[in-house]
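Trainee: predicted model, plus sequence, below.
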Amino acid sequence: MIKRFFSILCAVFALVSCKDYKEVNIDGELKKWHRITLNFDGPLTSEMDENNPFLNYRLDVTFKNGEETFVIPGFYAADGNAVHTSSDAGNIWQVRFTPNTIGEWTYTVSFKEGENVAIAEDITNASSAGFMDGQVGSFTIEESDKTGIDNRAKGKLQYVGESYLKFTDSQKYFIKLGVDAPENLLAYTDFDVSTNALGFQKAWEPHAKDFEESATPYIWQETKGKNLLGAINYLASENLNVFSFLTFNVDGDDRNIFPHLLKVPIEDYESYASVKKNKEAWETMFHKTRFDVSKLDQWEHIFEYAETKGMFLHFKTHETETDHLMDKGVFGIEGKLYYRELIARFGHHLSMNWNLGEENDQPTEEVLKAANYISKLDAYKSHLVIHTFPNKDDRYHDFIGDKSPLTGASLQLSHPDFNDVHRRVLKWREKSNATGKKWALAVDEPGKANIALLPDDEDPEHNYARGRAMYGTLMAGGYGVEWYFGYASPNSDLTCQDFRSRDLFWDQNKHALDFFNNYIPFWDMEPKDDLITSEAIAYCFAKMDEVYAIYVEAKADKVTLDLGNSGKTFDIKWFDPRNGGTLQEGSMTSVKAKGIIELGVPPSSYERDWVILTQKI
């Protein structure tokens with residue numbers, strides 16, 4: 001109803017001239033790493049205009065500062081305020097840009113029109129669309145004033161050819177620990193055209209109490225968004241730094257997340273999609289090349305707030321049930337336009353990755369088409385990964401090294417006790433390193449699919465998740481873990497609306513982040529399990545002849561370490577992964593490097609797990 005009203009309202013306005021463009025309006029703080037938005041007056045149109053504004057117009061803006069050049073795709077923005085008005089019509093076109101340096105930036109606008117011009121490979125001979133085409137301008141960027149966990153205080157998180165991503169300004173390497181569930185996080189009642197096809201729609205009511213007043217600028221339509229903003233604030237309060245979400249799950253496990261416009265009333269879609277065997281919704285019920293401007297703007301409010309809370313945004317662009325839907329599985333107009341819209345609207349975020357597909361099983365050539373397209377279009381060069389089934393991980397061979405622009409993998413495992421995590425990370429670390437292009441690897445779905453990370457009520461200690469999955473990943477040189485909640489558990493991968501269901505475990509994640517960020521140069525270390533012996537599961541992570549970190553699951557008094565024969569003196573400290581805190585002393589406080597040595601007895605609870613830190617004095 002609201003969208004229809006604004007369509008009629010906008011239609012009564014006439015444009016003065018398509019050749020006399022107005023001066024661009026720039027929203028946002030003109031500061032380094034802050035998102036700024038250029039608003040242009042373009043042709044008056046609508047989401048459903050006969051001349052498709054998403055496909056048959058193309059806005060690109062080239063930004064320059066010295067040697068820095070970014071070509072950023074723009075998008076149709078309806079009335080420019082659709083997040084609040086739900087408008088589907090207007091004459092505003094936008095470009096979102098995150099400048100990476102201070103000083104004067106210049107910009108040059110390209111605005112073209114023609115059939116399918118938005119996804120054309122070459123627009124050299126494309127027709128001008130008038131309006132802002134050819135417009136030039138400049139603005140001056142100052143230093144950011146942000147501090148703390150806010151991503152704008154740290155800069156762009158980038159793949160730098162190493163096993164860890166790195167923030168450009170702080171020059172700190174990144175370890176992520178957070179949530180991979182629920183995958184349908186964006187199936188939220190407060191978003192426009194929110195559906196409830198299978199009963200998994202979310203209100204995030206348990207997190208209403210976590211909304212903070214500083215998040216007020218990110219709500220929309222007076223009250224909407226508060227509960228999901230509260231959920232993100234809760235995660236940040238637990239020192240977690242990543243959450244993931246699907247952006248398209250039509251015909252998938254949930255079916256309630258899509259950026260596209262429905263052809264049919266919500267009720268008709270819900271009725272059809274609520275029957276699991278019905279899998280033709282994409283073909284029959286969607287406008288495949290038209291997008292819901294207001295919904296996407298509302299998504300952006302959530303993501304923008306998440307940046308202020310230090311969150312890494314894991315964009316899962318497909319799941320196995322959907323990766324073959326667009327263009328019937330052959331990368332073409334629908335897929336290209338989908339990724340162009342995502343990159344144009346969200347590619348400016350500082351800490352993120354693009355994931356080509358959860359449990360992706362597409363032909364290699366189609367994956368490569370998508371990966372090359374995204375790599376070329378994404379001026380910020382965000383981390384680019386793919387995820388596949390745990391028993392089909394050998395397909396990563398097709399993408400390592402110079403075979404693709406992928407910069408890492410999002411690993412899925414399957415053992416109920418997480419026994420397979422450590423060796424799987426080691427496997428792909430070794431294989432990718434051997435190509436000369438190290439992949440940054442994360443374990444984003446550890447555990448058996450129906451169980452995974454159980455709620456606190458069912459597993460209050462989370463011993464195997466802590467040791468074999470979390471430390472198993474980090475001690476193998478993986479850069480992080482996202483926790484999957486299992487499809488059959490309470491607050492599951494589809495039903496979760498309360499992140500407190502695993503509150504006890506989040507403390508253990510915080511302890512791990514404290515250890516890796518404060519006590520060891522993890523970016524310079526590598527797995528060296530061959531240096532240790534233990535009666536229990538144990539892992540060694542080392543910078544040879546300088547620092548050795550050993551995680552041992554039990555019988556910590558039985559560990560030995562081969563320190564070589566340098567004769568150098570090493571300090572021995574103990575870290576409690578269950579309770580955190582400062583480093584502690586055990587029965588031995590130092591040792592000389594004279595071959596294989598014992599490390600002594602921990603401060604307490606020798607039958608439990610410990611991290612032993614041995615450093616050169």
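Mentor: Received, thanks. Numbers count the residues shown, from 1 in each chain.

Trainee: where does the prediction get shaky in the stretch 451-600 of the chain?
Mentor: For the stretch 451-600 of the chain, no stretch has pLDDT under 70.

Trainee: can you pull out the helices in the stretch 501-617 of the chain?
Mentor: Counting by DSSP state H, counting those that start in this stretch, the segments of the stretch 501-617 of the chain that form helices are 503-519.

Trainee: mind listing the strands in it by residue range?
Mentor: Assigned by DSSP state E, counting those that start in this stretch, the stretch 501-617 of the chain shows strands spanning 526-527, 532-533, 538-543, 547-552, 560-562, 569-575, 590-592, 596-598, 610-616.

Trainee: can you give me the strands in the stretch 301-450 of the chain?
Mentor: Under DSSP E, counting those that start in this stretch, the stretch 301-450 of the chain gives strands at 312-316, 352-355, 383-387, 408-412, 440-445.

Trainee: ah, wrong one, I meant the stretch 1-150 of the chain
Mentor: 25-27, 36-46, 57-65, 68-73, 75-76, 89-97, 103-113, 127-128, 136-141.

Trainee: in its sheet, what does the fourth one sit against?
Mentor: Going back to what we said before, that points to strand 68-73. Note on strand 68-73: by DSSP bridges, its sheet partners are strand 57-65 (antiparallel).

Trainee: same check, this time on the fifth one
Mentor: Neighbouring strands of strand 75-76 in its sheet, by DSSP bridges, are strand 89-97 (antiparallel).

Trainee: which other residues reach the strand it pairs with?
Mentor: 6-7, 9-11, 13, 15, 35-47, 57, 59, 61, 63, 70, 72-80, 82, 111, 132, 344-345, 348 (CB atoms under 8 Å, 6 or more residues apart in numbering). Using the backbone N, CA and C atoms, a C-beta is placed for each residue, glycine as well.

Trainee: and stretch 417-427, which residues are buried?
Mentor: 418, 420-422, 424-427 (16 or more other CB atoms under 10 Å).

Trainee: repeat that for stretch 326-338.
Mentor: Buried, per 16+ other CB under 10 Å, within stretch 326-338: 326, 331, 334-338.

Trainee: tell me the mean pLDDT for that stretch?
Mentor: For stretch 326-338, mean pLDDT rounds to 97.

Trainee: gap between it and the chain center?
Mentor: Mean-position distance between stretch 326-338 and its chain equals 22 Å (CA atoms, centre = their mean, to the nearest Å).

Trainee: do stretch 399-412 as well
Mentor: With CA atoms, centre = their mean, you get 16 Å for stretch 399-412.

Trainee: extract the C-alpha set from that stretch and format it as CSV.
Mentor: Written as CSV, here are the backbone C-alpha positions of stretch 399-412 (Å, rounded to 0.1, in the frame of the first residue of the first chain):
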residue,chain,number,x,y,z
PHE,A,399,40.4,-23.2,-7.5
ILE,A,400,43.7,-22.9,-5.5
GLY,A,401,46.6,-21.0,-6.8
ASP,A,402,46.3,-19.1,-10.0
LYS,A,403,43.3,-21.3,-11.1
SER,A,404,40.9,-18.7,-9.7
PRO,A,405,40.6,-15.3,-8.0
LEU,A,406,39.4,-17.1,-4.8
THR,A,407,41.4,-16.1,-1.8
GLY,A,408,40.2,-18.7,0.6
ALA,A,409,37.8,-21.4,1.6
SER,A,410,34.9,-21.5,4.0
LEU,A,411,35.3,-25.1,5.3
GLN,A,412,32.5,-27.4,6.4
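
Trainee: ok, for residue 450, nearest residue in space, not its chain neighbours?
Mentor: residue 488 (4.0 Å; CB to CB, 6 or more residues apart in numbering).

Trainee: farthest pair in the buried residues of stretch 326-338?
Mentor: Between any two of the buried residues of stretch 326-338, the greatest separation by CB to CB is 11.2 Å, found for 331 and 337.

Trainee: for residue 174, state which of the buried residues of stretch 326-338 is nearest.
Mentor: residue 338 (27.6 Å).

Trainee: in this structure that closest one contacts residue 323, no?
Mentor: No. Judged on CB atoms under 8 Å, residue 338 makes no contact with residue 323 at a distance of 11.3 Å.

Trainee: hang on, the earlier thing: now, the buried residues of stretch 326-338 that are in helices?
Mentor: Applying DSSP state H to those, the entries found in helices are 334-338.

Trainee: need the max-distance pair from the buried residues of stretch 417-427.
Mentor: 418 and 427 (15.4 Å).

Trainee: if we can go back for a sec, of the contacts of strand 89-97, keep whichever come out buried.
Mentor: 6-7, 10, 35-47, 57, 59, 61, 63, 70, 72-80, 82, 111, 132, 344-345, 348.
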